[in-house]
Structures are given as C-alpha cells and as structure tokens.
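> Need the 3D shape of this:
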Amino acid sequence: MLKLMNVWFNRQWQSLGLAHIILIPFSWLFGALITARRCLYEHQILKSFRLPVPVIVVGNISVGGTGKTPMVIYLAKQLKQMGYAPGVISRGYGGNNVGEVTANSNASEFGDEPVLIAKRSTCPVWVNPDRVEAGRALLLEHPECNVIISDDGLQHYRLQRSIELVMVDSEHSFGNECLLPAGPLREKMARLQTVDVIVDSNQAFNSKDNLPPVFSMQLQGNIFESVDGTQAQQPASYFADKNLVALAGIGNPVRFFKHLAKLGLQFERVVFGDHHAFAMQDFAPYMNRTILMTEKDAVKCKMFGLADAWYLPVTAQISGENNNKLIEIIQKKLKTLD
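As a prediction, this is how the structure comes out:
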C-alpha cells in the first residue's frame with residue numbers, strides 16, 4: 001500500500017491537476033508552518049546550537065533521491081585530501097539505533113545510508129535523529145575530527161551550519177514546484193537563493209543570476225562486486241548474456257536503471273520503496289536469475305547468502321575545472337572560519 005501511495009504521489013507531483021487542487025490548501029498550511037518555524041530559529045525564539053567545528057550540510061529542498069549519499073562520500077574524501085579530518089552525522093533513516101556506525105554495522109539497526117557512508121568514506125559516522133547530539137557525541141569520541149558533514153538536515157535548523165550544499169535533480173525533483181503534499185518540495189524554490197552551493201545530479205539545471213554557483217555531478221562506475229563478497233569483481237561485459245533482473249529500493253531508481261542501460265545491459269526492472277527493508281522472500285522469484293542492485297541496497301542484503309547477486313559501486317564526480325572550483329569554494333569558506 002505504501003509503495004502504491006508513493007507511486008501515486010510522485011505521478012501527481014509532476015503536473016497540476018485535480019489532486020493538486022484538492023491538496024493545495026494543505027500545502028499552504030505546510031508552507032505557513034515551515035516559514036514560522038524558520039523565523040523562530042532566525043529570531044532565536046527557538047534555540048539553535050553551534051558545534052565547535054564547522055558543519056557542512058548536504059541536503060535538498062525536495063523529497064526523493066537527489067544523490068546526497070554519493071556527494072557526502074565525495075566531500076569526505078576531498079576534505080581528507082585538503083588535510084582535514086572529517087566526521088559524518090546522519091539521522092539514520094530506516095534504523096532505530098543511535099551511536100557510532102562502522103562498515104560492519106547492521107543496516108537494519110542504523111540505516112542503509114550511514115553504513116554505506118562509513119564503508120566508503122572510512123570516516124567516523126554517528127547516527128542520531130537529533131543532529132546536535134550526533135555531532136557532540138561524535139566529537140567526544142573522535143576529538144581529532146575538525147569538520148563535520150551532515151548527511152541531509154537542511155531543514156534541521158536546530159543545528160547551526162557553516163556551509164549549505166543543496167543537491168537537486170533538475171529533471172525530476174522540482175515537479176510542479178509546489179510544497180508538500182501538493183508537490184515534492186520541503187521548502188520553496190526561493191530557498192535555493194540562500195544556500196552556498198547547488199549540485200545538480202542531472203546536468204539540466206538552468207543557473208540564474210540570483211542563485212549561488214551550480215555544479216553538475218555524474219556517477220561513475222562499471223565494475224560489479226558480489227553482494228556476499230565471495231566472488232571476484234566483474235566488468236559489465238561479464239553480464240551481457242545473462243538473464244538479468246535489476247532491483248532498486250532507492251529514492252531515484254530510474255538513475256540506477258539508466259546507468260545499467262548505458263553499460264549496455266538488458267534487464268528486467270523491479271522497484272521497491274526507498275529504504276526498503278529487504279527480506280529473503282523478496283528474492284524468491286529471482287533465484288534462478290542474475291540479480292543486480294545498488295550498493296545502498298546491498299549493505300542490507302549481504303547476510304542472505306545470495307548465490308548470484310551483484311552490486312554496482314558508484315563514485316560522484318564533478319567534471320573538469322568545476323571540481324576545482326567547488327573545492328575552492330568550500331576551502332575558502334572553511335578558512336574564513338578558522
């Protein structure tokens with residue numbers, strides 16, 4: 001039922017129709033509430049807190065997948081190259097535990113994204129829905145960390161931030177440009193004018209004079225790894241003649257399917273809800289086929305002992321000179337905070 005509701009809402013959000021007319025009064029109410037809440041924080045009626053190190057928020061203004069997790073991993077690696085010791089905090093969506101996350105943590109307890117970030121970034125990662133407490137706990141346990149990346153949390157105004165980097169998917173994430181529930185937006189489009197950097201995961205965003213710098217992100221990857229870790233890595237050509245089914249339980253499964261298609265693969269597509277808690281019975285219809293999935297999904301499935309299941313690790317890249325420009329913006333901002 002939840003999956004059907006998500007599909008229905010995503011379809012409605014891409015246009016203006018009867019559903020929009022019915023839902024727009026609720027969007028007005030939602031807009032009034034988020035505006036009032038932000039004003040309360042801006043005027044210090046609601047108290048916000050500053051951590052003793054700079055905080056970079058990687059967030060979005062819409063629901064759905066925009067590529068935040070690859071960008072968090074990318075930033076962590078770039079900060080290390082700059083000489084910083086980054087840590088990452090996350091809400092831990094899909095889990096019910098708080099605390100430190102490692103590459104071997106259980107994704108069902110801490111969430112799939114934090115486990116993946118811990119695995120790929122090799123940085124300290126801490127999960128807590130209260131990101132202020134997450135940051136404090138991480139710094140107490142890892143005092144060497146001198147900058148924190150917040151995975152999501154653009155709207156978590158209780159935590160003060162030094163840099164706001166917003167991810168967008170210019171093809172899908174804005175939809176009809178209405179606030180929830182009539183549209184996909186958590187905040188109005190004007191919010192983009194107040195952030196430090198915009199990164200578009202779809203390369204179709206039209207930059208305007210009143211917006212901050214806009215960069216395009218691409219996901220690179222063509223070498224598959226077995227989900228259970230028992231088989232050697234394989235290139236895309238290895239799967240060319242196999243009976244493939246691609247499973248995706250992420251916010252934007254279309255991006256994953258397009259990536260596989262660009263690698264020349266033909267496959268059946270199966271979509272689950274974002275952060276889907278996979279169980280063995282989900283794979284029962286496909287046990288005689290070769291299964292492909294995202295790395296984010298794979299961290300939840302490695303214990304199932306799937307004989308012929310593979311995931312595709314991807315890496316975020318900012319093309320050419322733009323990569324240096326993005327890093328320069330972040331580095332310059334951090335230096336002003338020293």
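> for the protein, longest helix please?
Longest helix in the chain by number of residues, with DSSP state H as the criterion: helix 18-42.
> And the contacts of that one?
When contacts are defined by C-beta atoms under 8 Å, 6 or more residues apart in numbering, helix 18-42 is touched by residues 12, 46, 48, 155, 157-158, 176, 178-183, 186-188. Heads up, the C-betas are built off the backbone N, CA and C, glycines and all.
> which two in those residues are spaced the farthest apart?
12 and 48 (34.4 Å; C-beta to C-beta).
> Those two - which one has more neighbours?
The residue with more neighbours, out of residue 12 and residue 48, is residue 12; 22 against 15, by other C-beta atoms under 10 Å.
> From residue 312, how far off is residue 222?
8 Å (C-beta to C-beta, to the nearest Å).
> Of these two, which one has the most company?
residue 312 (21 against 14).
> Please, where are all the helices along the stretch 151-300 of the chain?
Remark: helices assigned in the stretch 151-300 of the chain by DSSP state H, counting those that start in this stretch are 253-262, 295-298.
> Looking at the ones you listed, spot the one closest to residue 104.
helix 295-298 (13.8 Å).
> Direction included, what does the helix or strand just after the closest one pair up with?
Next along the chain after helix 295-298, taking DSSP states H and E as the criterion, comes strand 309-312. Counting by DSSP bridges, the strands paired with strand 309-312 are strand 223-226 (antiparallel), strand 290-294 (parallel).
> And the longest one, how far out from the chain middle?
Here the centre of mass of C-alpha atoms in strand 290-294, compared against the chain's by C-alpha atoms, centre = their mean, to the nearest Å, lies 20 Å away.
> pLDDT averaged over that strand - what is it?
Mean per-residue pLDDT for strand 290-294: 98.
> contact partners of it?
224, 227, 239, 242-250, 256, 260, 265, 267, 283, 301, 306, 308-312.
> just stretch 126-135 next, same as before
For stretch 126-135, contacts defined as C-beta under 8 Å, 6+ apart pick out 49, 51, 55, 87-92, 95, 97-101, 110-111, 114, 137-138, 141, 148, 150, 153, 156, 158-159.
> What of stretch 306-322?
With C-beta under 8 Å, 6+ apart, stretch 306-322 has contacts from 67, 70-71, 73-74, 120, 199, 215-228, 234, 239, 256, 259-260, 283, 287, 289-295, 297-298, 301, 323, 326.
> Please list only the buried members of these.
Among these, those buried by neighbour count (16 or more other C-beta atoms under 10 Å) are 67, 70-71, 73-74, 120, 199, 215-219, 221, 224-228, 239, 256, 259-260, 283, 289-295, 297-298, 301, 326.
> Check which helix or strand residue 334 maps to.
helix 320-337.
> Likewise for residue 149?
strand 147-151.
> and what of residue 65?
Going by DSSP H and E, residue 65 is not in any helix or strand.
> Can you give me every residue that contacts the nearest residue to it once chain neighbours are set aside?
Leaving aside its chain neighbours, residue 65 sits nearest to residue 251 (2.5 Å; criterion: C-beta to C-beta, 6 or more residues apart in numbering). By C-beta under 8 Å, 6+ apart, residue 251 lies in contact with 63, 64, 65, 66, 274.
> Could you rerun that using 10 Å?
6, 60, 62-69, 169, 172-173, 273-275, 296 (C-beta atoms under 10 Å, 6 or more residues apart in numbering).
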